[in-house]
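**Q** Quick check, what structure comes out for this input:
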Amino acid sequence: MNHQRWIALHCGEETNALIKKHPNAFLLLTQISIRAKWKDCKISNLKMGQSWIGDYKAAGLKSPRAYRHAQTVLKKIGIVAFTGTNKGTIATLMDSSIFSLSQVSRGILDDEQRANKRQADDEQRANKKQAGDEQRATNHTETKIDRNTEINFEGNSTIESTKIAELIYQKYPRKAAKAEALKAIARAMKKHDSMWLLEKVDTYAKTITWQDRNFIPYPATWFSQERYNDDPEEWKLPTNAPLKAVLNPSETRKGHEICI
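**A** Model prediction:
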């Protein structure tokens, strides 16, 4: 017997709230429910409650951004789980509080359909439990990483951050007080992109070659004072500066302070 597929829309507070607050998420959920498999499909390798998605226009959404936000909403409230593959995105219905799959209309069930519905419900609960177990395992792993590995703003581990800080230090034109310098660099990396800092240091090193090294600030001072934010024009040789005095600190005017 060839049964038609149906989806049931449940009228209630959850449905009304989703439509009112997140209409795009409701449109995407509708598309997922319409496409969802009633039972495991060997041809598509999709399981019951799963469907392929990806075309935001087919879901009635206006832009990829609206599509991604709708995904985020459905994932956050736990109605749909999304899995990325090399063929596209698989959406899995995790909750039947708004849409549920059915093989019949008007609530008319024969014995075979009742058995199929019970089996489908059991499979849906099993899929939901499996997804929940996988999510808990992921959360446990992430918690373990958080406890044992310090993560910086770019997602790099402490070891990777140390290597980047070392590279920035090596680029700086004066090597002094390394331990304090690395601490200052690490603090700067929490505020700014590490590659941006590296480029700033590289520009400074190439621009300040005219200056006697004793007049170049210690790296700890330079980074603590956020001198990387200076106008690069300030790093160039002053047009009215006595070149001899600039290049030879022993012959500078008495009282001239060396910045360290």
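
**Q** Only C-alpha atoms from now on, for both contacts and neighbour counts.
**A** Fine.

**Q** low-scoring stretches of the stretch 101-250 of the chain, by residue?
**A** Across the stretch 101-250 of the chain, residues meeting the criterion (pLDDT under 70) sit at 102-117, 134-159, 240-250.

**Q** if we go to 90?
**A** Under the criterion pLDDT under 90, the flagged ranges of the stretch 101-250 of the chain are 101-164, 176, 193-195, 211-215, 233-234, 236-250.

**Q** Walking through it, point out its helices one by one.
**A** Ranges of helices in the stretch 101-250 of the chain, per DSSP state H, counting those that start in this stretch, are 111-148, 158-171, 178-191, 194-207, 219-224, 243-247.

**Q** what helices or strands is the fifth one leaning on?
**A** Based on contacts counted as 3 or more C-alpha pairs under 8 Å, 6 or more residues apart in numbering; DSSP states H and E, the elements that helix 219-224 packs against are helix 178-191.

**Q** just the angle between the helix it packs on and helix 194-207, please?
**A** Using axes from the mean of the first three to the mean of the last three C-alpha atoms, to 10 degrees, the inter-axis angle of helix 178-191 relative to helix 194-207 is 130 degrees.

**Q** which residues touch helix 178-191?
**A** The contact list for helix 178-191, computed with C-alpha atoms under 8 Å, 6 or more residues apart in numbering, reads 152-153, 161-162, 165-166, 168-169, 197, 218-221, 223-224, 226.

**Q** Tell me which two of those sit farthest apart.
**A** Taking C-alpha to C-alpha, the two most distant members of these are F153 and Y218; they sit 25.5 Å apart.

**Q** Looking at those two, which is more packed in?
**A** Applying other C-alpha atoms under 10 Å to F153 and Y218 shows that Y218 carries more neighbours, namely 22 against 13.

**Q** any idea how far the more buried one is from K171?
**A** With the distance defined as C-alpha to C-alpha, to the nearest Å, Y218 ends up 13 Å from K171.

**Q** got a list of contacts for stretch 9-18?
**A** Contacting residues not belonging to stretch 9-18 are listed as 25-26, 97-100 [C-alpha under 8 Å, 6+ apart].

**Q** Filter the residues you listed down to the buried ones and hand me the ChimeraX line.
**A** What follows is the ChimeraX syntax selecting those of the contacts of stretch 9-18 that are buried according to 16 or more other C-alpha atoms under 10 Å:
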select :25,26,98,99,100
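
**Q** Would you agree I79 is in contact with M94?
**A** Yes. Under the criterion of C-alpha atoms under 8 Å, I79 lies in contact with M94, with a separation of 5.0 Å.

**Q** Neighbour count: the two, which is higher?
**A** Between I79 and M94, counting by other C-alpha under 10 Å, M94 is the more crowded of the two (22 against 18).

**Q** what's that one sitting at in phi/psi?
**A** M94 has phi and psi values of phi -110, psi -10 when expressed as degrees, to the nearest 10.

**Q** which residues sit in contact with it?
**A** Shown here is M94, whose contacts under the criterion C-alpha under 8 Å, 6+ apart are 78-81, 124, 127-128.
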